[in-house]
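[1] No sequence on hand, only this structure:
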């Protein structure tokens, strides 16, 4: 029974990942390299997380100044290496 539940969860996880990949692929300005982000090293994931944290902080500052949060700031992702 456990095997059946795990298999079902794995299929759902893969399906969700594929849907997210399609959204990234189809969104103008999105970073396509994000589609296989789960294969990155922990250090590289941490670098990207910090970049998005800074983006969120900048957006909060913009909102306080009366700016909209519907614009996009360019996020320069660090060079990344794939985990082995």
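    Nice, thanks for sending it over. Computed from a predicted structure; not experimentally measured. Numbering: from 1, shown residues only.
[2] From now on I want contacts and neighbour counts done on CA atoms only, so please keep to that.
    OK.
[3] Now the spatially most central residue of the chain: closest residue in space that isn't a chain neighbour?
    Nearest to the mean C-alpha position of the chain, by C-alpha atoms, centre = their mean, lies residue 34 at 5.7 Å. What sits nearest to residue 34 in space, not counting adjacent residues and going by C-alpha to C-alpha, 6 or more residues apart in numbering, is residue 24, at 7.6 Å.
[4] go on, residue 37?
    Take residue 37 and drop its neighbours on the chain: the residue closest to it by C-alpha to C-alpha, 6+ apart is residue 45, 7.6 Å away.
[5] Return the set of buried residues in the helix or strand that contains that neighbour.
    Using DSSP states H and E, residue 45 maps to helix 42-64. Neighbour counts over helix 42-64 (16 or more other C-alpha atoms under 10 Å) mark 44, 45, 47, 48, 51, 55, 59 as buried.
[6] Check the average confidence over the strand or helix carrying residue 15, would you?
    Residue 15 belongs to helix 2-26 when assigned by DSSP H and E. Averaged over helix 2-26, pLDDT sits at 89.
[7] picking up where we left off before, on the three-state scheme, the residue nearest to the centre of the chain is what?
    The three-state label for residue 34, taken from DSSP: H, G, I helix; E, B strand; the rest coil, comes out as helix.
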